[in-house]
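A.B. asks: What would the 3D arrangement of this be:
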Amino acid sequence: MSISAKDVKALRDATGVGMMDCKKALQETDGDFDAAVELLRKKGQKVAAKRAEKEADEGLISIAISEDGSAGAIVEVNCETDFVARNEDFESFVDRIADLTLTEKPSDLDALHSLSYNGEATVKEELVAMTGRIGEKLDIRRFRVVESQEGEIIKYVHPGSKLGVIVEVSGNGDREEAGRDVAMQIAALDPIAVDRSEVPEEVQEKEKEIARDAAINEGKPEHILDRIVEGKLERFFEDHVLLEQSFVKDASQSVQEMLDDADVKVHRFVRFALGD
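C.D. replies: Numbering: from 1, shown residues only. So this is what the prediction gives:
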């Protein structure tokens, strides 16, 4: 039967599937619009099942911040290739997932998958449909939501959207400027904690063990080993603890000193790097 361009466009608008696939679906269902939608959905499921075992280690990081700055959500969504990561449809999907995560605050990935994506399909169903449209495995890998009671959430997304940071700050100074500087610092130097009290004891003991073994192998005298180990641990804190790191925009001061000057305090942060 003859399929009109208007019907093909309507199906395209409803499903996001390419025009040729929409036309073919309408032809296969004798112009039945609802049957064509169902046919395309089933084809999406077949593609998703076929791609399930594929590696998906490309993708995007997206961040959503509430209008009052009191909450932020960061998400990582993966695909198979960087080409798809640059697909406008995929980028819109990732941003939508970040917005949904911010507003709904799901408890885990299963809860996120169960959320309504657009009032008609769940996030999981839209993920399958997009897999059918794009032809690659897609996966929502992880998310975090951070809420602030007395401060605000500041974000930084590195160009390319493969690295993102959200940081909670408070204080009377310029929180936007200082917070963004700190977020860029975290993106660049990947600290493991805000201050040394947050560094797990087992991590500190492991660093001491490594430092002691290295000193012994270098033939250092027994009576100075403890002093060497403590010195190495101090250096570890300076390299890996946010407030003790040298500030990347002015190495003459630490991050703590920069924040003191700005009258801003950092409470916590989340850093997502694609594939970490």
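
A.B. asks: Where do the strands of the stretch 51-200 of the chain begin and end?
C.D. replies: 58-65, 71-79, 139-147, 152-157, 163-171 (DSSP state E, counting those that start in this stretch).

A.B. asks: and these as JSON lines, adding distance to Asp213 and mean pLDDT?
C.D. replies: Using the backbone N, CA and C atoms, a C-beta is placed for each residue, glycine as well. Formatted as JSON lines, these follow (distance: least, C-beta to C-beta, whole Å; pLDDT from 0 to 100):
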{"stretch": "strand 58-65", "distance to Asp213": "37", "mean pLDDT": "97"}
{"stretch": "strand 71-79", "distance to Asp213": "36", "mean pLDDT": "97"}
{"stretch": "strand 139-147", "distance to Asp213": "35", "mean pLDDT": "96"}
{"stretch": "strand 152-157", "distance to Asp213": "38", "mean pLDDT": "97"}
{"stretch": "strand 163-171", "distance to Asp213": "33", "mean pLDDT": "97"}
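
A.B. asks: want to try JSON lines for the ones you listed, with distance to Val241 and mean neighbour count as columns?
C.D. replies: Below are the strands of the stretch 51-200 of the chain laid out as JSON lines (distance: least, C-beta to C-beta, whole Å; neighbours: other C-beta atoms under 10 Å):
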{"stretch": "strand 58-65", "distance to Val241": "24", "mean neighbour count": "23"}
{"stretch": "strand 71-79", "distance to Val241": "21", "mean neighbour count": "25"}
{"stretch": "strand 139-147", "distance to Val241": "19", "mean neighbour count": "18"}
{"stretch": "strand 152-157", "distance to Val241": "19", "mean neighbour count": "23"}
{"stretch": "strand 163-171", "distance to Val241": "15", "mean neighbour count": "24"}
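
A.B. asks: quick one, which of those strands is nearest to Glu177?
C.D. replies: Nearest of these to Glu177, taken as C-beta to C-beta: strand 152-157 at 9.2 Å.

A.B. asks: For Arg271, which of the strands of the stretch 51-200 of the chain is the nearest?
C.D. replies: Short answer: strand 163-171, nearest of the strands of the stretch 51-200 of the chain by C-beta to C-beta, at 4.9 Å.

A.B. asks: Let's test this: mean pLDDT of the longest helix anywhere in the chain, rounded?
C.D. replies: Ranked by residue count, the top helix of the chain under DSSP state H comes out as helix 33-51. Throughout helix 33-51, pLDDT has a mean value of 75.
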